[in-house]
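Student: pasting the sequence and the predicted model now:
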Amino acid sequence: MADFVGALDQGTTSTRFMIFDHGGNEVARHQLEHEQILPRAGWVEHNPTEIWERTRAVIESTLNKAHLTHADLAAFGITNQRETTVVWNRRTGRPYYNAIVWQDTRTDRIASALERDGKGDVIRRRAGLPPATYFSGGKIQWILDNVDGTREDAEDGEAVFGNIDTWVLWNLTGGVNGGVHVTDPTNASRTMLMDLETLDWDDELLSFFGVPRSMLPRILPSSAPEPYGMTRPGGPVGGEVPLTGILGDQQAATVGQVCFAPGEAKNTYGTGNFLLLNTGEELVRSKAGMLTTVCYRFGDQAPVYALEGSIAVTGSAVQWLRDQLGVISGAAQSESLARQVDDNGGMYFVPAFSGLFAPYWRSDARGAIVGLSRFNTNAHLARATLESICYQSRDVVEAMRADSGVALDVLKVDGGVTANELCMQLQADILGVPVSRPVVAETTALGAAYAAGLATGFWGTTDELRQNWNEDRRWEPSWTEEQRRDGYAGWKKAVERTYGWVDVD
């Protein structure tokens, strides 16, 4: 039997391919960034063709680095930035338009109209989501309504839709030469088009957005004993490997953190922050601004659900300090700069660049730095930026507690920002619970590998996966209750200052 599993992690800012052994240890990886296309305020796009080229390159480079071939891989899993929407021609393989990224807000009028027309409650009940710019349904509608020829081709069965998982898998399995057009429930549950109970596309929801059913991929399990398809011999893998795992990135991180029991939660720190709480086979409908989503579905087992708190801008706020303001030269410098001061000096930064996601869902909000005085320095701004990541996470934890009645004992964390030790200490201080980072911090790719490997028998059970999890570092809270209370009160005041900046019809 082959000794390794490969996982493609196609994220918001980069694409990486990673290879893992049976112990869940990283064997090799390669990663490449892709362009962030910003045509106007609030619009965020990616070039799907560039993403496919990066995918090819990272797979080839990783295999070469590790001196491995397709024959060494028992399975192949995919994890992806969710909600980012691609519409392409199945005959030519060409996208009709750039991928519209999950952060993009151009569909705010579509979302507002759904709410105004009374369709919002139907979407919440069936799909578990509020009408929001975040999700794929409005993005598909925008492309159909604004890109010449797309709607006609969609009605004729030529134009098809996929989140990035579907686009990449279609290309890996042959593209125009027999490419497989599928997705899994974790990605489908992010479209506003799938019924959470039936795990199928819902005709009434499709009618709200004017999306023909023929555009949509088949929904198959997240871990598929019968492969979705095989990688093609002429492709980047160099031969046939079964594609058996698909998980949206945040669900993949939940699996990578082995949060398989109801009540277990993880927080991923990337471009945004995403906190998921496993609710088991129970579909918990949020009353506090959380999303109800599919956590995973393994083979023919019942689906497992989750409550999710999605935060749009966290790690990308640090990127903004670097790229737009020039305050730091690299992400690591945000920590050393912030350590020059003992607190935020009364300054709060709410990075609502594309509105506020959970638990507020305010598309009219925009970023604000408040509480400034002449005393404040760039070090205070760096610290306020790190604190904004942690305060937004606390907002989500408070909402989850209200929905589930579950109080966190410890927060499992992963993702790139967890390398920032000051930020993780601040997270423990602001939450008042310990924060735990695993040895393998890139749990998104690991979760996709686990889903793929479980399907082929490379791993036998989820209990076997639990044995792979090891803690690398734990941060204990050091703030007093008074510091925690006062700091959070200041944050809540700052959030209120961001409301109503943009007029939404």
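Tutor: Arrived safely, thanks for sending. Numbering: from 1, shown residues only.
Student: would you map the helices across the stretch 401-505 of the chain?
Tutor: With helices called from DSSP state H, counting those that start in this stretch, the stretch 401-505 of the chain shows them at 421-431, 443-456, 462-466, 481-496.
Student: buried ones in the helix or strand harbouring Ser61?
Tutor: Assigned by DSSP states H and E, Ser61 belongs to helix 48-66. Counting neighbours by 16 or more other C-beta atoms under 10 Å, one finds that the buried residues in helix 48-66 are 48-52, 54-56, 58-63, 66. Heads up, the C-betas are built off the backbone N, CA and C, glycines and all.
Student: still on that earlier bit, out of the helices of the stretch 401-505 of the chain, deepest packed?
Tutor: Most buried of these, by mean neighbour count (mean count of other C-beta atoms under 10 Å): helix 443-456, with a mean of 30.
Student: what does the average pLDDT come to for that one?
Tutor: Mean pLDDT, helix 443-456: 95.
Student: got it, and stretch 39-57?
Tutor: For stretch 39-57, mean pLDDT is 96.
Student: could you dump it to PDB, C-alpha only?
Tutor: Extracted as PDB, the C-alpha positions of stretch 39-57 are listed here (Å, rounded to 0.1, in the frame of the first residue of the first chain):
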ATOM      1  CA  PRO A  39     -11.300  46.400  -9.400                       C
ATOM      2  CA  ARG A  40     -13.100  48.900  -7.100                       C
ATOM      3  CA  ALA A  41     -14.000  49.400  -3.500                       C
ATOM      4  CA  GLY A  42     -15.700  46.300  -2.000                       C
ATOM      5  CA  TRP A  43     -14.800  44.100  -5.000                       C
ATOM      6  CA  VAL A  44     -12.400  41.200  -4.600                       C
ATOM      7  CA  GLU A  45     -11.600  38.800  -7.400                       C
ATOM      8  CA  HIS A  46      -9.200  36.000  -8.300                       C
ATOM      9  CA  ASN A  47      -8.200  34.600 -11.700                       C
ATOM     10  CA  PRO A  48      -9.400  31.000 -11.800                       C
ATOM     11  CA  THR A  49      -6.900  30.100 -14.500                       C
ATOM     12  CA  GLU A  50      -4.000  31.400 -12.400                       C
ATOM     13  CA  ILE A  51      -5.300  29.400  -9.400                       C
ATOM     14  CA  TRP A  52      -5.300  26.200 -11.600                       C
ATOM     15  CA  GLU A  53      -1.700  27.000 -12.800                       C
ATOM     16  CA  ARG A  54      -0.600  27.500  -9.200                       C
ATOM     17  CA  THR A  55      -2.300  24.200  -8.300                       C
ATOM     18  CA  ARG A  56      -0.300  22.400 -11.000                       C
ATOM     19  CA  ALA A  57       2.900  24.000 -10.000                       C
END
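Student: that older thread, and the helices of the stretch 401-505 of the chain as a markdown table, adding distance to Glu197?
Tutor: Shown next, in a markdown table, are the helices of the stretch 401-505 of the chain (distance: least, C-beta to C-beta, whole Å):
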| stretch | distance to Glu197 |
| --- | --- |
| helix 421-431 | 33 |
| helix 443-456 | 22 |
| helix 462-466 | 24 |
| helix 481-496 | 34 |
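Student: so for Gln392, which of the ones you listed sits nearest?
Tutor: Closest of the helices of the stretch 401-505 of the chain to Gln392 is helix 481-496, at 8.7 Å (criterion: C-beta to C-beta).
Student: and the closest one, what does it pack onto?
Tutor: Applying 3 or more C-beta pairs under 8 Å, 6 or more residues apart in numbering; DSSP states H and E, one finds that helix 481-496 makes contact with strand 348-350, strand 368-370, helix 378-404, helix 421-431.
Student: that one vs helix 378-404, what angle?
Tutor: Going by axes from the mean of the first three to the mean of the last three C-alpha atoms, to 10 degrees, helix 481-496 is angled at 90 degrees with respect to helix 378-404.
Student: picking that back up, check the helices and strands packed on helix 481-496 for me and report the most buried one.
Tutor: strand 348-350 comes out most buried of the helices and strands packed on helix 481-496 by mean count of other C-beta under 10 Å, with a mean of 24.
Student: residues near Val27, how many?
Tutor: Using other C-beta atoms under 10 Å, Val27 has 17 other residues around it.
Student: could you measure it against Gly460, distance?
Tutor: According to C-beta to C-beta, to the nearest Å, Val27 and Gly460 sit 20 Å apart.
Student: same question, Asp156
Tutor: According to C-beta to C-beta, Asp156 and Gly460 sit 46 Å apart.
Student: Trp475 now?
Tutor: According to C-beta to C-beta, Trp475 and Gly460 sit 34 Å apart.
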